[in-house]
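Trainee: Quick one, structure for this:
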Amino acid sequence: MSAAGDDTPVQTLPDRTQQPPAEEQQGGMSKNAAKKAAKAAKLAADKAEKTAANADKGIGKSEAKKGPTKSSKKKIEGAALIGIDVAKEDDFPTWYQQVLTKGDMLDYYDVSGCFILKPSAYFIWETIQSYFNDKIKKMGVKNCSFPLFVSEDMLQREKDHIEGFAPEVAWVTHAGSTPLERKIAIRPTSETVMYPYYAKWIRSHRDLPLRLNQWNSVVRWEFKNPQPFLRTREFLWQEGHTAHLTEEGAAEEVLQILDHYANIYQDLLAVPVVKGRKTDKEKFAGGYYTTTVEGYIPATGRGIQGGTSHCLGQNFSKMFGITVEDPAAKPDEKRPPLYVWQNSWGLSTRTIGVMVMIHSDNKGLVLPPRVAEIQVVIVPVGITAKTTDEEREKLYNEIRGLEKQLADSGLRVQSDLREGYSPGWKFNDWELRGVPVRLEFGPGESAGGYVTAARRDIPGKEGKTAIPLSELTTAIPTLLDTIHNDLFRRADEEFRAHRKIITNWDDFVPALNDKNICVIPHCLTEECEDQIKEMSARKAEEDLGVPQDARAPSMGAKSLCIPFEQPEGIVPGVTKCTNPHCGRFAEKWCLFGRSY
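Mentor: Purely as a prediction, here's the structure:
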């Protein structure tokens, strides 16, 4: 899609005073009956939502007592739409859960911490898959599939690596009622699954680079509060594993992949990220160094890791014996074998959660157009009790023609010709689902030769414009690109406004409490990071005048990354670390924040 602005001509919107009020159009129900049905439905939905949300937030019940959760979306035929009833700014966890379930993105499953991705959510993941596959295949990466089981012996071969995952590893101990001789792990990641076979397959420097990727699920048995897409016990991701002859070759790929991750967020999801390198404390367990893209959730003021690309160095190749002969050796010269350099990189369905948290509002989902399963919905308007069957069918046929015209131009479009629902009900329904553009088409538009377009990201009249039918197939793609660019611009401006450069410790915790993340001069030592985390923990939030959210941990700030784009101001051997108890000199500007 182009990045052009919205040059669509604006026309005066029609007067719809003849259209019955939306609240009186409830599929033939009386106004009082509709209200009673809506109230009953809301009570039922609220009860189901609390059951599902509490089960996955660990509220009120132990893990052993949790039963199957239920979908929060209850439908009563002819009743008004049950929308989001909690404000984003008042109760963010409940708002987030409602946006996902009522927006038809996911449903709860009867195993706590596991969720069902419904088609609109999985479409986003498929779009990311398609985009990323195209990029990595051009780099020479090939997709493959390895088993999800790993033996205990193999998992234990790399001690530093497995220590980082040990508390989260799920084990299979029985086949039916028969105990297994040796328990088998379900992969939390695939280094120890794949690398014994890299040692088998790589026999010569001519076999390098070996670049494999797999799209799969992994299991990490989290015991923290599960959150859909962000912290789940099973999640979808891709994991790339590559082997190289030299450190330089490995380093080049690490940054290529990181750029692709940043572009997924920016070009598909309209989400800004900061690229950087993890500190040694936060790097991948058993790796050489880790690069990352870091996002920011304005509603909570917390950072979030968006995707990581690791250089593993030669640690795993030494552990698994992945070697080649030195190609620089002369025929009669004996040189020791070279251990290969390895990378691993991964991006998960967490991307979807980040996107939802940043863009969505109190009416429901707001989906960036490039990942929306439905980009445009056409809703008939202006149909009244006086409209004849012939007039109705004529209007519907015109709408079907518009739908085909847009579909033929490559857009994902759907017309809503459901009977028994008012236009107002349909508007709310599609707003809840986050469809980027709604086209309204009635007798007035038909006579005038235009459609009324409403943007999901801009509510009310400000987001409406009239588009001539003759310009429909060019104006709508331009409008969708404008929506994407505006979503990114607004998110980027907010992220930049909440990245504070801090050089005085006295300003650090107040900045965090104002929902900022902080860029500080730092010595990059683990001891200092631990001190900062301890010193910035919210141990007395009431004293700070900050309302305590029982659903969010009162954590201290952790290092998010060392940004590649470094501000000026650090003088080696002169600039002190921001931690007043440290006493060391600062090495780099480091991004700190409370984090998911």
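
Trainee: got the residue ranges for the helices in the stretch 401-550 of the chain?
Mentor: With DSSP state H, counting those that start in this stretch, the ranges of helices along the stretch 401-550 of the chain come out as 423-433, 443-448, 472-497, 508-513, 526-535.

Trainee: out of these, nearest to residue 343?
Mentor: Comparing the helices of the stretch 401-550 of the chain by their distance to residue 343 (C-beta to C-beta), the top pick is helix 526-535, with 23.6 Å. Any C-beta I mention is one placed from the backbone N, CA and C, and that applies to glycine too.

Trainee: which other helices and strands contact that closest one?
Mentor: Counting contacts by 3 or more C-beta pairs under 8 Å, 6 or more residues apart in numbering; DSSP states H and E, helix 526-535 is packed against strand 558-563.

Trainee: Which elements pack onto the strand it packs on?
Mentor: strand 274-277, strand 289-297, strand 517-522, helix 526-535, strand 588-593.

Trainee: Redo these as JSON lines? Include mean pLDDT and distance to residue 242.
Mentor: Listed next are those as JSON lines, based on pLDDT from 0 to 100; distance: least, C-beta to C-beta, whole Å:
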{"stretch": "strand 274-277", "mean pLDDT": "98", "distance to residue 242": "19"}
{"stretch": "strand 289-297", "mean pLDDT": "98", "distance to residue 242": "14"}
{"stretch": "strand 517-522", "mean pLDDT": "98", "distance to residue 242": "31"}
{"stretch": "helix 526-535", "mean pLDDT": "96", "distance to residue 242": "28"}
{"stretch": "strand 588-593", "mean pLDDT": "98", "distance to residue 242": "27"}
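
Trainee: Can you say which of the helices of the stretch 401-550 of the chain is nearest to residue 203?
Mentor: helix 526-535 (39.2 Å).

Trainee: Between strand 588-593 and the closest one, find me the angle.
Mentor: Interaxial angle of helix 526-535 relative to strand 588-593 (axes from the mean of the first three to the mean of the last three C-alpha atoms, to 10 degrees): 30 degrees.

Trainee: Name the surrounding residues that touch helix 526-535.
Mentor: 279-282, 509, 522, 555-559, 577, 579, 581-582, 584, 592 (C-beta atoms under 8 Å, 6 or more residues apart in numbering).

Trainee: re the thing from before, JSON lines for the helices and strands packed on strand 558-563, including mean neighbour count and distance to residue 207?
Mentor: Output for the helices and strands packed on strand 558-563, formatted as JSON lines (neighbours: other C-beta atoms under 10 Å; distance: least, C-beta to C-beta, whole Å):
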{"stretch": "strand 274-277", "mean neighbour count": "21", "distance to residue 207": "29"}
{"stretch": "strand 289-297", "mean neighbour count": "24", "distance to residue 207": "25"}
{"stretch": "strand 517-522", "mean neighbour count": "24", "distance to residue 207": "41"}
{"stretch": "helix 526-535", "mean neighbour count": "17", "distance to residue 207": "37"}
{"stretch": "strand 588-593", "mean neighbour count": "24", "distance to residue 207": "37"}
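
Trainee: mind saving the C-alpha coords of stretch 345-358 as CSV?
Mentor: Output of stretch 345-358 as CSV, limited to C-alpha atoms (Å, rounded to 0.1, in the frame of the first residue of the first chain):
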residue,chain,number,x,y,z
TRP,A,345,15.8,-15.7,17.0
GLY,A,346,12.1,-15.7,17.9
LEU,A,347,8.8,-13.7,17.5
SER,A,348,5.6,-14.9,19.1
THR,A,349,1.8,-14.1,19.2
ARG,A,350,2.7,-11.6,21.9
THR,A,351,2.8,-9.2,18.9
ILE,A,352,-1.0,-9.4,18.8
GLY,A,353,-1.4,-8.5,22.5
VAL,A,354,0.9,-5.5,22.1
MET,A,355,-1.0,-4.2,19.1
VAL,A,356,-4.4,-4.6,20.9
MET,A,357,-3.2,-2.8,24.1
ILE,A,358,-1.8,0.1,22.2
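
Trainee: all helices for the stretch 101-250 of the chain, in order.
Mentor: Going by DSSP H, counting those that start in this stretch, the stretch 101-250 of the chain shows helices at 119-138, 152-155, 159-163, 191-201, 247-263.

Trainee: Mean pLDDT lowest where, among those?
Mentor: Out of the helices of the stretch 101-250 of the chain, helix 159-163 stands lowest, with a mean of 62 (criterion: mean pLDDT).

Trainee: quick one, phi psi at the nearest residue to residue 514 once chain neighbours are set aside?
Mentor: With C-beta to C-beta, 6 or more residues apart in numbering as the criterion, residue 514 has its nearest non-adjacent residue at 7.3 Å, and that residue is residue 301. The phi/psi pair for residue 301 (degrees, to the nearest 10) reads phi 70, psi 20.

Trainee: How about residue 361?
Mentor: According to degrees, to the nearest 10, residue 361 has phi -140, psi -170.

Trainee: what residues are up against it?
Mentor: For residue 361, the contact set (C-beta under 8 Å, 6+ apart) comprises 88, 459.

Trainee: Mind checking which of the contacts of helix 526-535 are buried?
Mentor: 279, 282, 509, 522, 556-559, 577, 579, 582, 592 (16 or more other C-beta atoms under 10 Å).

Trainee: As a markdown table, these with distance to residue 104 would be great.
Mentor: Shown next, in a markdown table, are these (distance: C-beta to C-beta, whole Å):
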| residue | distance to residue 104 |
| --- | --- |
| 279 | 40 |
| 282 | 36 |
| 509 | 40 |
| 522 | 44 |
| 556 | 37 |
| 557 | 36 |
| 558 | 34 |
| 559 | 37 |
| 577 | 49 |
| 579 | 47 |
| 582 | 50 |
| 592 | 37 |
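
Trainee: Looking at these, which is nearest residue 106?
Mentor: Once C-beta to C-beta is applied, the member of these that ends up nearest residue 106 is residue 558, at 27.9 Å.

Trainee: Quick check: the closest one touching residue 596?
Mentor: No. The pair residue 558 / residue 596 is not scored as a contact, 10.6 Å apart, by C-beta atoms under 8 Å.

Trainee: and residue 581, how far is that from residue 205?
Mentor: 50 Å (C-beta to C-beta, to the nearest Å).

Trainee: Could I get the contacting residues of the residue nearest the centre of the chain?
Mentor: Closest residue to the average C-alpha location of the chain: residue 351 at 2.2 Å, with C-alpha atoms, centre = their mean. Contact partners of residue 351, counting by C-beta under 8 Å, 6+ apart, are 124, 128, 264-265, 269, 306-307.

Trainee: Can you tell me which of these is closest to residue 200?
Mentor: The closest of these, once distances to residue 200 are taken by C-beta to C-beta, is residue 307, at 29.5 Å.

Trainee: helices or strands next to the helix or strand harbouring the closest one in the packing?
Mentor: Using DSSP states H and E, residue 307 falls within strand 302-313. Contacts defined by 3+ C-beta pairs under 8 Å, 6+ apart place strand 302-313 against helix 247-263, strand 289-297, strand 341-348, helix 350-359, strand 588-593.
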